[in-house]
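Enquirer: Got a sequence here, can you model it:
(one chain, ligands or ions: 1)
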Amino acid sequence: MSNTAFLWHNGRIKPWAEANVHVSTHALHYGSSVFEGERVYATPNGPAYFRLADHTRRLFESAKVYEIDVGYTEAEIDAACHDVIRANGMQSAYVRPIVFRGAGGLGVLPKDGAPVDVAIMAMAWGAYLGDAAERGADVCVSSWNRPAPNTIPSWAKAGGNYLSSQLIGLEARRGGYDEGIALGHNGLLSEGAGENLFLVKRGKLVTPPSSAGILAGITRDSVLTLAAELGIEAEERELPREALYTADEMFMTGTAAEITPVRSVDRKPVGNGKPGPVTRALREAFFGLFDGRTHDKWGWLDVVDPARTATLGQGFTSAAVPDREDQKAAIHGRTPQQQPAPMEASA
Ligand SMILES: Cc1ncc(COP(=O)(O)O)c(C=O)c1O
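Expert: Presented below is the predicted three-dimensional model:
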């Protein structure tokens, strides 16, 4: 992963190094951020977002769960995502929009009118799990479970959720694995630290249901759609841990992980230890979307468009950026991040 020159922050493009926040930022203390992970692929028609509108929709749904007012429309966030790719002249990228409660005084409950920051970063980021994407990942079942329903909502992609992911991922790394898989509160399969999980048994695809304490992944949905297109039977159902050890094939999905085959679980080989035919067919169909081999009949690709912008002082260049410091009375007349309030009762 490498940083880029520019990002989008509260309505304008600014140099990466200038997008800073105060240490009293609410999200830093209480995990009150919601975010997305998106990918832009180099396609024959130019750089294109994959399912941008679906990611933006989920961002707004996550914000709604936590009563965070994004302050922009979904169309404006989509357009800002286009801006950040153009500003950096990128052909492909991993893109991270984040909406978070800013510096408006401490206290778990945000004050009325406390600021909400919105930022969109684009980074060069290859395969999330390194060479495991090709050879197959070695994973373990974590000793940490996913949060039970009615505790931390798994459908909301919130910063705080990733404390659970860190525990799962850190334990896996300490044990020499590429990734950890969590069981749910009921001992049934849930998902990886940052990926959804698919098993193949006798040619049929099975995956835990969206009620299994998982993030309802957009890649997961894409795989289910592509499977239907390829005539591969698929079922969402509850699965016990031993399904991992008896599967013929296994893979994990996510925007970052894309479709990563799994070759072993708890050091037991999955199938013959190599990516199997169903995994390979789905990977081919998925990556074919980006070089034109798979017809995008769903309208999932959103080519970066010069006509779409949600940035003040359009037509930015790097030289023009500092001059727009004073142009922050943004798209909705929102004010930029306010000066941090004096410390108040903390919780
Ligand atoms: C915990 C978790 N589960 C699943 C996923 C996969 O979701 P998506 O395919 O929408 O990226 C992610 C990635 O964002 C994740 O962080």
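
Enquirer: mind listing the strands for the stretch 1-150 of the chain?
Expert: Assignment of strands within the stretch 1-150 of the chain using DSSP state E, counting those that start in this stretch yields the ranges 6-9, 12-15, 33-35, 38-43, 46-50, 93-101, 116-123, 137-141.

Enquirer: and the lowest-mean-pLDDT helix or strand in the chain, what does it pack onto?
Expert: Of all the helices and strands that make up the chain, the one with the lowest confidence by mean pLDDT, DSSP states H and E is helix 132-135; it has a mean of 85. Contacts of helix 132-135 with other secondary structure elements, assessed using 3 or more CB pairs under 8 Å, 6 or more residues apart in numbering; DSSP states H and E, are made with strand 258-265. The way it works is simple: take the backbone N, C-alpha and C, and place the C-beta from them, glycine included.

Enquirer: Whichever helix or strand comes after the strand it packs on: partners in the sheet, and parallel or antiparallel?
Expert: Where DSSP states H and E defines the elements, the next helix or strand beyond strand 258-265 is strand 268-269. According to DSSP bridges, strand 268-269 forms sheet pairs with strand 258-265 (antiparallel).

Enquirer: rewinding a little: output the strands of the stretch 1-150 of the chain as CSV; include the columns mean pLDDT.
Expert: Shown next, in CSV, are these (pLDDT from 0 to 100):
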stretch, mean pLDDT
strand 6-9, 97
strand 12-15, 96
strand 33-35, 98
strand 38-43, 98
strand 46-50, 98
strand 93-101, 98
strand 116-123, 97
strand 137-141, 98
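
Enquirer: can you put these in a markdown table and add mean neighbour count?
Expert: Output for the strands of the stretch 1-150 of the chain, formatted as a markdown table (neighbours: other CB atoms under 10 Å):
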| stretch | mean neighbour count |
| --- | --- |
| strand 6-9 | 25 |
| strand 12-15 | 21 |
| strand 33-35 | 25 |
| strand 38-43 | 20 |
| strand 46-50 | 21 |
| strand 93-101 | 22 |
| strand 116-123 | 22 |
| strand 137-141 | 23 |
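
Enquirer: Now tabulate those in CSV and tack on distance to the ligand.
Expert: Written out in CSV, the entries for those read as follows (distance: least, CB to the nearest ligand atom, whole Å):
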stretch, distance to the ligand
strand 6-9, 19
strand 12-15, 25
strand 33-35, 9
strand 38-43, 8
strand 46-50, 10
strand 93-101, 10
strand 116-123, 15
strand 137-141, 14
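
Enquirer: so the residue nearest to Phe50 when sequence neighbours are not counted bridges to which residues?
Expert: Once flanking residues are discounted, Phe50 sits nearest to Arg39: 5.3 Å by CB to CB, 6 or more residues apart in numbering. Taking DSSP bridges, one obtains Tyr94 as the residues bridged to Arg39.

Enquirer: Test my guess that Arg39 contacts Arg96.
Expert: No. Arg39 is not in contact with Arg96 according to CB atoms under 8 Å; the separation is 10.6 Å.

Enquirer: contacting residues for Ala281?
Expert: Remark: with contacts taken as CB atoms under 8 Å, 6 or more residues apart in numbering, Ala281 is in contact with 230, 232.

Enquirer: contacting residues around the residue in the stretch 51-200 of the chain positioned nearest to the ligand?
Expert: Of the residues in the stretch 51-200 of the chain, the one nearest the ligand is Gly194, at a distance of 3.9 Å by CB to the nearest ligand atom. Remark: with contacts taken as CB under 8 Å, 6+ apart, Gly194 is in contact with 128, 162, 165, 169, 179, 254, 256-257.

Enquirer: quick one: the helices in the protein?
Expert: Using DSSP state H, the helices found in the chain span residues 26-30, 52-65, 74-88, 132-135, 162-174, 218-230, 242-246, 277-291.

Enquirer: buried set for the third one?
Expert: Of the residues in helix 74-88, those buried under the neighbour-count criterion (16 or more other CB atoms under 10 Å) are 76-88.

Enquirer: just checking, Trp125 touches Arg96?
Expert: No. Applying CB under 8 Å, one finds Trp125 not in contact with Arg96, separated by 9.3 Å.

Enquirer: how about the residues of the stretch 101-250 of the chain near the ligand?
Expert: If contacts are counted using CB under 6 Å from any ligand atom, the residues of the stretch 101-250 of the chain sitting beside the ligand are 165, 191, 194-196, 214-215, 217-220.

Enquirer: Could you find the closest non-adjacent residue to the spatially most central residue of the chain?
Expert: Centroid check for the chain by CA atoms, centre = their mean gives Gly37 as the closest residue, at 2.7 Å. Leaving aside its sequence neighbours, Gly37 sits nearest to Thr255 (CB to CB, 6+ apart; 4.5 Å).

Enquirer: backbone phi and psi for whichever residue of the stretch 1-150 of the chain sits closest to the ligand, please?
Expert: Checking the stretch 1-150 of the chain residue by residue against the ligand with CB to the nearest ligand atom singles out Gly37 as nearest, at 4.8 Å. Here is the backbone geometry of Gly37 (degrees, to the nearest 10): phi -130, psi 120.

Enquirer: That one: what's it in contact with?
Expert: By CB under 8 Å, 6+ apart, the contact set of Gly37 is 55, 94-96, 254-256.

Enquirer: switch the cut-off to 7 Å
Expert: 94, 96, 255-256 (CB atoms under 7 Å, 6 or more residues apart in numbering).

Enquirer: and the gap between it and Glu235?
Expert: Relative to Glu235, Gly37 is positioned 26 Å away (CB to CB, to the nearest Å).
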